[in-house]
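**Q** Sequence first, then the predicted structure:
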Amino acid sequence: MKYLKINVPHVVHEIFSDDEAAIINLKTGNYYSLNPTGADIWAMIEQNLASDEIVEAFSRTFKNKSAVDSVRKFVGELLQEDLVVEIEARRENGSGESNLRYEKADRKFIEPEMEKFGDMQELLLLDPIHDVEETGFPHKKAQKALS
């Protein structure tokens, strides 16, 4: 079984109190917004669950195939965007237990959605710590001439 792990250190994230999540891929400069269902899936990835375990948690709660299919598709999108990676073994600090909020509340299934934004790529890819002379920021390194 393949387990999922957030692609650290390239990915930083936060789940907010309104059950939405924000994710930044520092490698690509793209940032993402997840709706509450997407944030639930993200939280389960934080718990180091396998893709199949996440799907099973939704399957237990929602007895319809379209919910399961949309969760599988969403996990695939997270992998495709390089926000999460598959690993062979569960990390030691991974719980292996789902904490799906739908199981605790009588909520209707909402399709997981991820919005992708690239309008701040240039700013997010700027690396003032490594892209400067010894004198420090804001003095950018001089480009070496190609010979």
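**A** Perfect, thanks for sending it. Residues are numbered from 1 along each chain as shown.
**Q** where does this structure have low pLDDT?
**A** 91-107, 127-147 (pLDDT under 70).
**Q** could you pull out the strands for it?
**A** 3-6, 11-15, 21-25, 30-34, 84-87, 114-117 (DSSP state E).
**Q** okay if I get those strands as a markdown table plus mean neighbour count and distance to residue 58?
**A** In this view, the C-beta of every residue, glycine as well, is placed from N, C-alpha and C. Putting those into a markdown table (neighbours: other C-beta atoms under 10 Å; distance: least, C-beta to C-beta, whole Å) gives the following:
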| stretch | mean neighbour count | distance to residue 58 |
| --- | --- | --- |
| strand 3-6 | 20 | 14 |
| strand 11-15 | 16 | 18 |
| strand 21-25 | 20 | 17 |
| strand 30-34 | 20 | 15 |
| strand 84-87 | 17 | 17 |
| strand 114-117 | 14 | 16 |
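**Q** Mind checking these for the one nearest to residue 55?
**A** Nearest of the strands of the chain to residue 55, taken as C-beta to C-beta: strand 3-6 at 11.3 Å.
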